[in-house]
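1. Quick one: sequence plus predicted model below, questions after.
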Amino acid sequence: VEVLEMVHSGRRLTLRCDFRRREVDALRDSEGRFLLNSPARISEEFTETSYLLPDGKVIQPVLHSPAYAWRKLGLVDAQGNPTERGRIAAQFQAGEGLMIAAALEDSNYPVTLLLQHLANLRGGLRFSNALAGEGDLLSLAARRCYGHLDFPGYLNVGLSTDYGEGTSAAIAAFEKGGKPRHEREAEGIRRGDVERARLEWLSLLRHVAFALLPENLCNLEFQKKAKELLQQLVTENALNRVLSLQESLAVRPLFKAKRDNQLLV
């Protein structure tokens, strides 16, 4: 922005500026014109939900039935055989498997980040308004696959029903020590909530490490990194317990009481 003129009038200062060189984000339409703040709409991508029988007959499942959901979510093919997405989703409960399968399909999503973001799957509404950060990558991956679909017990606007976007960020802040930023920005989140979320995350990591996933390079790397992360977290937990015990012993009084000229240690 270039200032062209500055005018003082009493206690008022007026500036005349030139905005012609300022860069802004814009969309180019089909005629090559640029649009600023253009209206947007969300349209549901068409997905084939019919089944092909061995005799060649095509049948359409009842709307919102399990058979309809399997096809709509890409868990089975037209012959009813499980797809790779379906085989992965079947290893986890409810919508968790759907989101994990969608994330593994995204080749630009590093598995090391995904393992951290798994904590969001069981964070719940308590963490939904906390800091999201990179954890949004998981929700973006899921909505690229499923859109904003609602399937009771599985998906709510394209996300698992217990999804809490800020959970992984809250755990990371908690582990670094000090007062996590999320405690200032999201009311109702306490130390115990973060500890509970961390236990759920560790449980999910163990499940990932030993789940029967389809054997391919991506899934093998996913499970390998899960085992390495678990080992790291277990080692850190053991070290923290030792340090905590040492600190408690260091501040423990040498003598508890004195009774009948006997010192009780």
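-> Thanks, I have the structure now.

2. Can you give the contact residues for stretch 106-113?
-> Here stretch 106-113 makes contact (C-beta atoms under 8 Å, 6 or more residues apart in numbering) with 103, 104, 134, 137, 141, 144, 218, 221, 222, 225, 229. Where you see a C-beta, it was placed from the backbone N, CA and C, and this is true even at glycine.

3. if we take the residues you listed, which one ends up nearest to residue 74?
-> residue 144 (11.8 Å; C-beta to C-beta).

4. Could I get the phi/psi values of that closest one?
-> Main-chain torsions, residue 144, degrees, to the nearest 10: phi -70, psi -30.

5. Strands of the stretch 51-200 of the chain, residue ranges please.
-> 51-52, 58-59, 155-156, 159-160 (DSSP state E, counting those that start in this stretch).

6. neighbouring contacts of the third one?
-> Looking back up the chat, that one is strand 155-156. 95, 98, 146, 149, 150, 161, 163.

7. and the helix or strand where residue 224 lies, average pLDDT?
-> Counting by DSSP states H and E, the element that carries residue 224 is helix 217-250. Averaged over helix 217-250, pLDDT sits at 78.

8. Check stretch 87-107 too.
-> Mean per-residue pLDDT for stretch 87-107: 95.

9. For that stretch, output the C-alpha coordinates as CSV.
-> Extracted in CSV, the C-alpha atoms of stretch 87-107 (Å, rounded to 0.1, in the frame of the first residue of the first chain):
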residue,chain,number,x,y,z
ARG,A,87,-10.8,-53.8,5.3
ILE,A,88,-9.0,-51.0,7.2
ALA,A,89,-12.2,-49.5,8.6
ALA,A,90,-13.3,-52.9,9.9
GLN,A,91,-10.3,-53.1,12.2
PHE,A,92,-11.5,-50.2,14.3
GLN,A,93,-14.7,-49.1,16.0
ALA,A,94,-17.4,-47.0,14.5
GLY,A,95,-16.2,-43.9,12.6
GLU,A,96,-12.6,-44.1,13.8
GLY,A,97,-11.8,-46.7,11.1
LEU,A,98,-13.4,-44.6,8.4
MET,A,99,-11.2,-41.6,9.3
ILE,A,100,-8.1,-43.7,9.6
ALA,A,101,-8.7,-45.3,6.2
ALA,A,102,-9.3,-41.9,4.6
ALA,A,103,-6.1,-40.5,6.0
LEU,A,104,-4.0,-43.5,4.8
GLU,A,105,-5.3,-42.9,1.3
ASP,A,106,-3.8,-39.4,1.3
SER,A,107,-0.2,-39.8,0.0
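
10. Of all the residues in that stretch, which ones are buried?
-> Residues of stretch 87-107 classed as buried by neighbour count (16 or more other C-beta atoms under 10 Å): 87-89, 91-92, 94-106.

11. now do stretch 48-58
-> 49, 51.

12. mind checking how far it is from the chain centre?
-> 36 Å (C-alpha atoms, centre = their mean, to the nearest Å).

13. same check, this time on stretch 12-31
-> With C-alpha atoms, centre = their mean, you get 36 Å for stretch 12-31.

14. Point out where this structure drops to low pLDDT.
-> Applying pLDDT under 70 to the chain flags residues 41-46, 129-135, 177-188, 237-265.

15. go again using 80 as the cut-off
-> 1, 24-25, 30, 37-47, 125-136, 174-190, 236-265 (pLDDT under 80).

16. What ranges does it have for its helices?
-> 66-72, 84-89, 94-104, 111-117, 136-146, 167-175, 182-185, 191-210, 217-250 (DSSP state H).

17. which one of the ones you listed lies closest to residue 8?
-> Checking the helices of the chain against residue 8 by C-beta to C-beta gives helix 182-185 as the closest, at 40.8 Å.

18. Now distance to residue 157 too, for the helices of the chain, in a markdown table please.
-> Output for the helices of the chain, formatted as a markdown table (distance: least, C-beta to C-beta, whole Å):
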| stretch | distance to residue 157 |
| --- | --- |
| helix 66-72 | 15 |
| helix 84-89 | 18 |
| helix 94-104 | 11 |
| helix 111-117 | 18 |
| helix 136-146 | 8 |
| helix 167-175 | 18 |
| helix 182-185 | 22 |
| helix 191-210 | 21 |
| helix 217-250 | 26 |
